[in-house]
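1. Have a look at this prediction, sequence included:
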2 protein chains.
Amino acid sequence: MKNNTRVSNAIIRRLPRYRRYLGDLRSRGVKKISSNELSELIGYTASQIRQDLNTFGGFGQQGYGYSVDHLYAEINKILGLDREYKTVVVGVGHLGQAITNHILNYKFGFSIVGLFDVNPTIVGLAINGVKVQNSSELEDYVRNNNIDIGIICCGKDNAQEVADTLVRGGVEGIWNFAPIDLDIPERIAIENVHLSESLHTLSFLISSKEKENR
Amino acid sequence: MKNNTRVSNAIIRRLPRYRRYLGDLRSRGVKKISSNELSELIGYTASQIRQDLNTFGGFGQQGYGYSVDHLYAEINKILGLDREYKTVVVGVGHLGQAITNHILNYKFGFSIVGLFDVNPTIVGLAINGVKVQNSSELEDYVRNNNIDIGIICCGKDNAQEVADTLVRGGVEGIWNFAPIDLDIPERIAIENVHLSESLHTLSFLISSKEKENR
């Protein structure tokens, strides 16, 4: 791998998608694949695919294509999936529980070790075997358990305070589902899932297609 | 507005974010704003902002800046938010309920009119006042009620079949949370929320920052 600290945002968005398709190919027992075949599956052009994979040093062999296992393993390394991440979920409503289930079912590289909420009717309950703790204990818990990732599933009004607490506790990254942009130090990684913005992208696309189809 | 049918994907992603900040400004009673002030808030450069808004015809006046109300209304139009969308949610687990709550709380342009699931222990229950119906009734319901958007919150194994049913019923767009790429006709709009890919982007960013901070 050449250098993955300065990679365009567009490639970062494509890599997890390569990984998903390669994972499907692996589970179907496919051993090798050409950039043209990958192109048919994924929908990017073959030249785009070769260019993307070259950014990280290139893994193909002329006339052979890519080894699916090798490429999958290399992409995992690039994505930082060659290690384990301990996560906590803050806000255990439907969204928090959906995310918890997603991670527990997924079982690759991520574990949920703590659930936190401020609602006294939820604190103390066990969800998928993990006990919900009071959010007042969050900072100490994150620090004492070397938590890597905080997942923010609470409402927008508390999200910045939760982020500050996670940062003080020492997380390396935040996965934020609250509909605000958090103010966090540069050294902390952040990934937002802004549902309303995704829905508005859909309404934009619908409205564009209506104009095309008129 | 010049023409919004051929706009780069990057701008489409930025518009909902402009809308969110403008909505916050409106609710704080702010009447006008310059591209420099918007830049400080949103984090894009002022020249990027002027260029983006020019794509749609430009709404600013030299020396005055943008009228917040006007710009907000125009961006709503561009995003197709000057109409109502009737939606159905298919798959009423935690994720489906979280999305339902999100839309019901949001109350802008989108209404949930139908909930569907295959699980007999859920079918017949009322969630936020909406009765859960059996997925076998989905196609007729979509057709008879002129549903605009189908929201797929079921598992990956059923997602394509659900998408086919929604398309036959006549939806204009699909908001897909299942971790697959759906095969749908070109005329239908699609927006995916792929949670695993978002999480892998986060692990990539964490791993990149570790290398930077070393």
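-> Received it, and whenever you're ready, just let me know what you need.
2. Pull the contacting residues for A:E137.
-> With contacts defined as C-beta atoms under 8 Å, 6 or more residues apart in numbering or on different chains, the neighbours of A:E137 are A:F116. Where you see a C-beta, it was placed from the backbone N, CA and C, and this is true even at glycine.
3. tell me the SS of it?
-> Three-state assignment for A:E137 (DSSP: H, G, I helix; E, B strand; the rest coil): helix.
4. mind checking how far it is from B:I122?
-> Counting by C-beta to C-beta, to the nearest Å, the separation of A:E137 from B:I122 is 34 Å.
5. how far is stretch A:13-32 from where the chain is centred?
-> When distances are taken as C-alpha atoms, centre = their mean, to the nearest Å, stretch A:13-32 is centred 16 Å away from the chain's centroid.
6. Residues touching that stretch, excluding its own?
-> Judged by C-beta under 8 Å, 6+ apart, the contacts made with stretch A:13-32 from elsewhere in the structure are A:33, A:38, A:41-42, A:44, A:49, A:52-53, A:64-69, A:71-72, A:75-76, A:78-79, A:81, B:179, B:194, B:196-198, B:200-201, B:204.
7. ok, A:I152 touching A:W175?
-> Yes. Shown here, A:I152 and A:W175 form a contact pair, counting by C-beta atoms under 8 Å, at 7.1 Å.
8. are any of the contacts of stretch A:13-32 buried, and which?
-> Buried members of the contacts of stretch A:13-32, counted by 16 or more other C-beta atoms under 10 Å in any protein chain shown: A:33, A:38, A:42, A:44, A:49, A:52-53, A:65-68, A:71-72, A:75-76, A:78-79, A:81, B:179, B:194, B:196-198, B:200-201, B:204.
9. mind listing which of those residues are in helices?
-> For the buried ones among the contacts of stretch A:13-32, membership in helices holds for A:38, A:42, A:49, A:52-53, A:68, A:71-72, A:75-76, A:78, B:196-198, B:200-201, B:204, with DSSP state H as the criterion.
10. Mean confidence (pLDDT) on the longest strand anywhere in chain A, please.
-> Among the elements of type strand in chain A, defined by DSSP state E, the one spanning the most residues is strand A:110-117. Strand A:110-117 comes out with an average pLDDT of 95.
11. domain assignment for chain A?
-> The record assigns chain A these domain ranges, following automatic domain parsing: A:9-78, A:85-197.
12. Model confidence for the residue nearest to A:N36 when sequence neighbours are not counted, exactly?
-> Leaving aside its sequence neighbours, A:N36 sits nearest to A:A46 (C-beta to C-beta, 6 or more residues apart in numbering or on different chains; 4.8 Å). The predicted structure scores A:A46 at 91 on the pLDDT scale.
13. Repeat that for the one 10 residues further on.
-> Reported pLDDT at A:F56 in the predicted model: 73.
14. ok, now A:R6?
-> 59.
15. A:I152 and A:W175: which has the busier surroundings?
-> When A:I152 and A:W175 are compared on other C-beta atoms under 10 Å in any protein chain shown, the one with more neighbours turns out to be A:I152, at 28 against 25.
16. Show me what the more buried one is bridged to.
-> Beta bridges link A:I152 to A:V90, A:N176, judged by DSSP bridges.
17. Test my guess that A:Q133 contacts A:V113.
-> No. Judged on C-beta under 8 Å, A:Q133 makes no contact with A:V113 at a distance of 10.8 Å.
18. Which one's more surrounded, those two?
-> Using other C-beta under 10 Å, the more surrounded residue of A:Q133 and A:V113 is A:Q133, with 18 against 15.
19. which regions of chain A sit below the pLDDT cut-off?
-> Filtered on pLDDT under 70, chain A yields the residue ranges A:1-6, A:58, A:60-62, A:107.
20. Compute the number of surrounding residues for A:S111.
-> For A:S111, the tally of surrounding residues (other C-beta under 10 Å) stands at 15.
21. Noted, bye for now.
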